[in-house]
Structures are given as structure tokens and as C-alpha cells.
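Trainee: predicted model follows, preceded by the sequence.
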Amino acid sequence: FGTKKAGVDVKFVERALQFSTQAVYSIHKTSTRDYLLKLGDKLNCKVEVVTEMLFDIPKTYKIHKKGNVKIEVDLVKFSKL
């Protein structure tokens, strides 16, 4: 989700669009939706939210303080123009 290193998710989308012939689908935290929708101009693509979901993240590392956490996410489609 790009939360450990800011911007990693956008770099992934940029790189994936270079290889794609039509579209790239990616999952992002709902809290970043407005930013992603504005990103279309920079990336020269259409950005649309396909669906909203709850993503269940289990406690997998010792550093995790909480048990399972549900995070609101969007499945986002980046379509080449």
C-alpha cells in the first residue's frame, strides 16, 4: 500500500503502465483516493475506482501491535488514453 515507503505504490503504477497495452489494476487505501484520481493527468491515463473493499491484514510480524486489521481499500483501474 505504499505506507512504509511513501510513493512506492505510484512508482509501481507508473512502471506497470509502461508495460501495459490497455490498463493496470491496483489496490490502494481508500484514504488516498482523491490523490490517485488527480494523478491521471500526470500519468496520461484515466483513473477510476472499480470497487471498494475491506482488506483483512493479519498480524504476521512481531512488530505488529494489533491483531487482524481491516483496511478500507479501492480497486483502481488506470486506463491508457
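Mentor: Thanks, I have it.
Trainee: for the rest of this, base every contact and every neighbour count on C-alpha atoms.
Mentor: Noted.
Trainee: okay, now the sheet partners of the host helix or strand of Val76, with direction.
Mentor: Using DSSP states H and E, Val76 sits within strand 69-80. Using DSSP bridges, the strands paired with strand 69-80 are strand 23-29 (antiparallel), strand 45-57 (antiparallel).
Trainee: residues in contact with the last one?
Mentor: Right, the one you point to is strand 45-57. 30, 36-37, 39-40, 68-81 (Cα atoms under 8 Å, 6 or more residues apart in numbering).
Trainee: and if we set it to 6 Å?
Mentor: Strand 45-57 has contacts (Cα atoms under 6 Å, 6 or more residues apart in numbering) with 37, 40, 68-81.
Trainee: by neighbours, which of those wins?
Mentor: Tallying neighbours with other Cα atoms under 10 Å puts Phe78 at the head of the contacts of strand 45-57, with 25 neighbours.
Trainee: grab the nearest non-local neighbour of that residue.
Mentor: In this structure, Phe78 finds its nearest non-sequential neighbour in Val47, 4.7 Å apart by Cα to Cα, 6 or more residues apart in numbering.
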